[in-house]
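Asker: give me coordinates for this.
(2 chains)
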2 protein chains.
Amino acid sequence: MVGGGQLARMTHEAGIPLGIRFRLLSDTPQDSAAQVVSDVVIGDYRDLDTLRDFARGCDVITFDHEHVPTEHLRALEADGIPVRPGPEALVHAQDKGVMRAKLDAIGVPCPRHRIVADPADAAAFAAEGGGGFPIILKTVRGGYDGKGVWFVRSEEDARDPFLAGVPVLAEEKVDFVRELAANVVRSPHGQAVAYPVVESRQVDGVCDTVIAPAPGLPEERALEAQRLALRIAEELGVVGHLAVELFETRDGRVLVNELAMRPHNSGHWTQDGAITSQFANHVRAVLDLPLGDPRPRARWTVMANVLGGDYPDMYQGYLHCMARDPQLKIHMYGKDVKPGRKVGHVNTYGDDLDDVLERARHAADYLRGTIVE
Amino acid sequence: MVGGGQLARMTHEAGIPLGIRFRLLSDTPQDSAAQVVSDVVIGDYRDLDTLRDFARGCDVITFDHEHVPTEHLRALEADGIPVRPGPEALVHAQDKGVMRAKLDAIGVPCPRHRIVADPADAAAFAAEGGGGFPIILKTVRGGYDGKGVWFVRSEEDARDPFLAGVPVLAEEKVDFVRELAANVVRSPHGQAVAYPVVESRQVDGVCDTVIAPAPGLPEERALEAQRLALRIAEELGVVGHLAVELFETRDGRVLVNELAMRPHNSGHWTQDGAITSQFANHVRAVLDLPLGDPRPRARWTVMANVLGGDYPDMYQGYLHCMARDPQLKIHMYGKDVKPGRKVGHVNTYGDDLDDVLERARHAADYLRGTIVE
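Answerer: This next block holds a predicted model:
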């Protein structure tokens, strides 16, 4: 796996019972995954020779993030190394312009959008929809967790996105009631499984809480979202976990917001709430093993991200949360605490959504230090 | 953790979400746990200098097996390294003579037993009970999985156990209807949790299948077994997981067979069948963290050991089992297949015990190669 973040850490954890030998390419030995994996290569994933050395002896390459240059992935494939997801699929998660063009071509509903050339063109885009500003501008490459995304209220406001010299995608500001995620896993020979559609609550552009399944979502809309995600996985040739982030609009439609082709924050609940976790199924898919059952094990599961707060030492909070709630499932990433940094998450599950939500939120808030009792 | 077997492998797996930095002392880099752990020291646990070098920088030492010499553990403690379970507790899992004497002293029901000097003394022991042969002879140290245990039918039959020059314990052959295990976890400050009492089925002295909870066990007998295990943990000062293997006798008593002070085969079902696994609770206990909820997540959970068969390559069986049963939980240890060697286990769970048992047995038998459809 290329990339030493928490997704690789949790993928290794899920691979251990499958008997998998896991090799990691990591920037530093201190990275989240490098702390727990036996076979670690330290190097820069942007360097093709490093990638080639790393890949020698691997049965298959997969990813903790989408940042490996597409041309390097093609070179590895040309060397005979299976790359999953492959570059032709992964480009849709790397480049939002390519993604929007493809989803348009296969008839998947998206927010109104087009590539814009400069602030004046962005203003023209805003006017075209009849609603004017605000609009959303995104650099087509390099963004995540709210980075590379701008909420733009005027033409003057629209300058920053163009400074990086990367093409800029304009999108309408969708009038959504909430965000959903439809997560699926697909294997090379085309087997696919769909997880229950979840509700994802964001704070400041960062995923905060995920509720599985999405409360009150009509069954037909959930099935529509699952079908959409399965169709995207198939049409784009995705192998592994695909997260389809969706807007549920006020007028009852679902529109695709983003795609991620790797285990995803909106699927962390599956570690404790599904029969087979997203990490285990990602491993099974990239190795072309039969996929595991994606169904839930509990009526409700809630995931809450643990962000770093002002206190670098979380140990007292960690003790408190375990003592308060012996059913709490804590997942720490081994990262130093910095304000706002994702350093872990908690999962809770049960029959009573209010209770399950309260327990998850309490633990995440206590660990961050925003509450003290 | 000292020892590179599958128990260390699965303890590391359970420690990852807790954010634990795990250091392993392993005989070879090929050992089950050494394949998946980042921080591995290769060395001989019988050598005190090796243990001391390994322990430097560790917050606490725990064990994959009971074979570290008691005097080495005392030396580590004298160096200021917390050893959990400590030598005063662990000696009861290392020496069956010490264990029996202690259980007698605290009034825990055991099979009739005494240390015997030679085959004639074994015959005298057999006669003392009024029943004569057969009896069981055990070397007080060094046995596991049926090794170091003899089923003895006559005085002539009783010679082998004395050849090693280790004291020999004689025990009555208990008329039991089945074997049970009462597993508990205790932390240094005395918090303890009890898992449901399970039924353990042995084949040729090796654990074959575990059913959780033990079917048809009256609640009062289950509670008696749990109380017994909790009392043993407290009286012996155990820290970490304690497995108490029990005989359920034809006349309705429970007698203690063996003790193990580490994660144990009879607790593997907890990985998929309990809210908190034995491995996670062992880690929490040795680090003096609050313990997790030991209650079951399913009505029935069955664990079946996967033993090596005549075919060294299990890959086709592995594919078959995953495809046949997407809910099957496979746990492979990364070991080379040898006939009769434990190379993994499977867990199944659900509401229908017959179905849950059939699925686990089918997978274990198919992986071993004793069935082909």
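Asker: anything in stretch A:4-17 near chain B?
Answerer: Yes: contact of stretch A:4-17 with chain B (Cβ under 8 Å from any Cβ of the partner chain) involves A:Arg9, A:Met10, A:His12, A:Glu13, A:Ile16, A:Pro17. (Glycine included, C-beta is placed from N, CA and C.)
Asker: C-alpha coordinates for that stretch, CSV please?
Answerer: What follows is stretch A:4-17, C-alpha atoms only, in CSV (Å, rounded to 0.1, in the frame of the first residue of the first chain):
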residue,chain,number,x,y,z
GLY,A,4,1.5,5.7,5.5
GLY,A,5,-1.7,7.4,6.9
GLN,A,6,-4.4,6.0,9.1
LEU,A,7,-6.2,4.3,6.2
ALA,A,8,-3.1,2.1,5.6
ARG,A,9,-2.8,1.5,9.3
MET,A,10,-6.4,0.2,9.5
THR,A,11,-6.0,-1.7,6.2
HIS,A,12,-3.0,-3.6,7.6
GLU,A,13,-5.1,-4.3,10.8
ALA,A,14,-7.8,-5.8,8.6
GLY,A,15,-5.3,-7.8,6.5
ILE,A,16,-3.8,-9.6,9.5
PRO,A,17,-6.6,-12.1,9.9
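Asker: on that earlier part again, tell me the one of the residues of stretch A:4-17 next to chain B nearest A:Gly267?
Answerer: Ranked by distance to A:Gly267 (Cβ to Cβ), those are led by A:Met10 at 10.1 Å.
Asker: the closest one and A:His264 touch, don't they?
Answerer: No: checked against Cβ atoms under 8 Å, the pair A:Met10 and A:His264 is beyond contact range at 11.2 Å.
Asker: spatially central residue for chain A, please.
Answerer: Nearest residue to the geometric centre of chain A (Cα atoms, centre = their mean): A:His264, 3.1 Å.
Asker: spit out the contact partners of it.
Answerer: Taking Cβ atoms under 8 Å, 6 or more residues apart in numbering or on different chains, we find A:His264 in contact with A:Ala181, A:Asn183, A:His241, A:Ala243, A:Gln278.
Asker: assumed the third one was part of a helix.
Answerer: No: according to DSSP: H, G, I helix; E, B strand; the rest coil, the state of A:His241 is strand, so it is not within a helix.
Asker: tell me the residues of chain A that contact chain B?
Answerer: A:9-10, A:12-13, A:16-19, A:21-22, A:34-38, A:40, A:271, A:275-276, A:284, A:289-293, A:297, A:318-319, A:322-323, A:326-327, A:329-334, A:344.
Asker: which residues of the stretch 51-200 of chain A fall in helices?
Answerer: In order along the chain, the stretch 51-200 of chain A carries the following helices (DSSP state H, counting those that start in this stretch): A:70-78, A:87-94, A:96-105, A:119-128.
Asker: which stretches of the stretch 251-373 of chain A form strands?
Answerer: In the stretch 251-373 of chain A, the strands defined using DSSP state E, counting those that start in this stretch lie at A:254-260, A:300-307, A:329-332, A:342-350.
Asker: list the contacts for A:Glu245?
Answerer: A:Glu245 sits next to A:Glu179, A:Leu180, A:Ala181, A:Ser200, A:Val256, A:Asn257, A:Glu258, A:Leu259, A:Ala260, A:Ser266 when contact means Cβ under 8 Å, 6+ apart.
Asker: now do 7 Å
Answerer: Applying Cβ atoms under 7 Å, 6 or more residues apart in numbering or on different chains to A:Glu245 gives the contacts A:Glu179, A:Ala181, A:Ser200, A:Asn257, A:Glu258.
Asker: most neighbours, which of these?
Answerer: Each of the contacts of A:Glu245 was scored by neighbours using other Cβ atoms under 10 Å in any protein chain shown; the highest score is A:Ala181's, at 26 neighbours.
Asker: pLDDT at that residue, what is it?
Answerer: At A:Ala181, the model reports a pLDDT of 98.
Asker: mind checking how far it is from A:Ala214?
Answerer: Plainly put, A:Ala181 is 9 Å away from A:Ala214 if you go by Cβ to Cβ, to the nearest Å.
Asker: what do these two both touch?
Answerer: A:Val198.
Asker: now do the helix or strand A:Asp49 falls within against helix A:70-78, angle only.
Answerer: For A:Asp49, the host element (DSSP states H and E) is helix A:48-55. Put simply, helix A:48-55 runs at 40 degrees to helix A:70-78, going by axes from the mean of the first three to the mean of the last three Cα atoms, to 10 degrees.
Asker: in helix A:48-55, what's buried?
Answerer: With burial defined by 16 or more other Cβ atoms under 10 Å in any protein chain shown, the residues of helix A:48-55 counted as buried are A:Thr50, A:Leu51, A:Phe54, A:Ala55.
Asker: what about stretch A:172-180, how long is it end to end?
Answerer: 18 Å (Cα to Cα, to the nearest Å).
Asker: can you pull the contacts of A:Leu24?
Answerer: A:Met1, A:Gly4, A:Ala8, A:Ala33, A:Ala34, A:Val37, A:Asp39, A:Val40, A:Val41.
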